[in-house]
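Asks: After the sequence you'll find the predicted model.
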Amino acid sequence: MSPEPLSPSTFKWIVSVLTVAAALWALYDIIKLSKTRGKDANNPLVRDERFGYLIGIVIGAFTISGILRYHGVF
């Protein structure tokens with residue numbers, strides 16, 4: 001019996017799938033950000049929404065680039 005419960009390649013793909021699923025939140029944030037285009041930019045709540053969506057998009061972009069580097073794409 002092996003002391004490792006998963007092989008290294010299986011672990012790599014499980015982590016990748018979970019991370020990509022989490023990075024899909026960036027797509028959700030892009031959709032939500034586009035819905036705030038017609039709202040009043042002077043409203044602090046609207047500015048807070050936009051800031052939160054932008055932060056989500058940036059985190060998603062870093063996540064996707066990290067997964068690509070992890071798999072040796074670039």
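Replies: Perfect, thanks for sending it. Residues are numbered from 1 along each chain as shown.

Asks: show me where this protein has helices.
Replies: Using DSSP state H, the helices of the chain run over 8-23, 25-35, 44-70.

Asks: now the shortest one, how far from the chain's geometric center?
Replies: Between the centre of helix 25-35 and the centre of its chain there are 11 Å (C-alpha atoms, centre = their mean, to the nearest Å).

Asks: cool, and stretch 40-59?
Replies: On C-alpha atoms, centre = their mean, the centre of stretch 40-59 falls 16 Å from that of its chain.

Asks: now for the helix or strand bottoming out on mean pLDDT in the chain, which elements pack on it?
Replies: Taking all helices and strands of the chain together, the one with the lowest average confidence (mean pLDDT, DSSP states H and E) is helix 8-23, at a mean of 83. Helices and strands in packing contact with helix 8-23 are listed as helix 44-70; criterion 3 or more C-beta pairs under 8 Å, 6 or more residues apart in numbering; DSSP states H and E. The way it works is simple: take the backbone N, C-alpha and C, and place the C-beta from them, glycine included.

Asks: and Thr63, how many neighbours does it have?
Replies: Summarising burial for Thr63: neighbours were counted as other C-beta atoms under 10 Å, giving 17.

Asks: same thing with the one 3 residues further on?
Replies: Gly66 is flanked by 12 other residues according to other C-beta under 10 Å.

Asks: Equivalent analysis for Ile31, please.
Replies: Residues lying near Ile31 (other C-beta under 10 Å) number 10.

Asks: about what we covered before: so which bits of the least confident helix or strand of the chain are buried?
Replies: Within helix 8-23, the residues that qualify as buried are Ala23, counting by 16 or more other C-beta atoms under 10 Å.

Asks: Go ahead and confirm Lys32 touches Leu54.
Replies: No - under the criterion of C-beta atoms under 8 Å, Lys32 makes no contact with Leu54, lying 10.6 Å away.

Asks: For the least confident helix or strand of the chain, what is the distance to the chain centroid?
Replies: Taking C-alpha atoms, centre = their mean, one finds the center of helix 8-23 at 13 Å from the center of the full chain.

Asks: Can you name the residues in contact with it?
Replies: Contacting residues not belonging to helix 8-23 are listed as 6, 60, 63-64, 66-67, 70-71 [C-beta atoms under 8 Å, 6 or more residues apart in numbering].
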